[in-house]
Structure formats: C-alpha cells, structure tokens
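> my questions are about this predicted structure, shown below with the sequence.
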Amino acid sequence: MATVVLIGTLDTKGAEYAWLVERVRAHGVEVPTVDVGTFSDAATGAAADVPAGEVAEAAGTDLAALRAAGDRGAAMAAMAEGAAVV
C-alpha cells in the first residue's frame, strides 16, 4: 500500500485536510497526518496522527514556549524542523 504523509497547520486548515485525507484514502492510500499548527490543541492533537505538541518536542521545544515568544517565523521554523524529525 502506498503512503502519503500530509503535513499541515491543522489549527487553521483542519477541515480542508480532513477532506483531502478522505479523498486520498478512497484510492487505497495510507494517509498519516502531521500537525504543524502552533495553535492546535496540544492535549488532544485533534485529528492528527502526529499532534503539534509532538512536532514541537521533536524540535527541542514545546508549543507553550513557541506561543509565548510571539514570533511566527521562529515558530514555523521550529515546527518545520520538528516535522522533518518525525
């Protein structure tokens, strides 16, 4: 079975990713999701196979620290780094 990993900001585009996941899975493809949204719910990782909190941890930080810093560019860089690790 083929696998397509979807990496996205599920805090703002969750519905769109859910739609895309359904469409790709309908073709017999496995679709794990990785949430890089810095305002996602870290406790539940809503609908993500790899929640944002785990992505931040893989980058050596946590969501609370990224949010508190208030630097969107730095936050996205950290989440990109974490996504590459996971």
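That came through fine. Numbers count the residues shown, from 1 in each chain.

> what's the burial count for T12?
By the criterion of other Cβ atoms under 10 Å, T12 has 13 neighbours. All C-beta atoms are positioned from the backbone trio N, CA, C, and that covers glycine.

> list the contacts for it?
37, 39 (Cβ atoms under 8 Å, 6 or more residues apart in numbering).

> name the element it belongs to?
Following DSSP states H and E, one finds T12 within helix 10-25.

> what residues sit buried inside that helix?
Across helix 10-25, burial judged by 16 or more other Cβ atoms under 10 Å covers 10-11, 14, 17, 20-21, 24.

> give me the pLDDT value at S40.
pLDDT recorded at S40 is 77.

> just to check, I7 is in contact with G82?
No: when contacts are counted by Cβ atoms under 8 Å, I7 is not listed as touching G82 (10.2 Å).

> got any residues that touch both of those two?
V36.

> ok, these two, which is more surrounded?
G82 (22 against 19).

> so where does that one fall, helix or strand?
Assigned by DSSP H and E, G82 belongs to helix 72-85.

> list the buried residues in that helix.
75, 78-79, 82-83.

> ok so, going back, now do the helix holding T12, average pLDDT.
Mean pLDDT, helix 10-25: 90.

> hmm, who's touching the helix or strand following it?
The helix or strand immediately downstream of helix 10-25 is strand 33-35, counting by DSSP H and E. Strand 33-35 has contacts (Cβ under 8 Å, 6+ apart) with 5-11, 17, 21, 45-52, 55, 83, 86.

> 6 Å - rerun?
6-7, 10, 48-52, 83 (Cβ atoms under 6 Å, 6 or more residues apart in numbering).

> coming back round to it: ok now the helix holding T12, how far from the chain's centre?
On the basis of Cα atoms, centre = their mean, to the nearest Å, helix 10-25 is displaced by 11 Å from the centre of the chain it belongs to.

> you'd agree P32 is up against D49?
Yes: P32 is within contact range of D49, at 4.2 Å (criterion: Cβ atoms under 6 Å).
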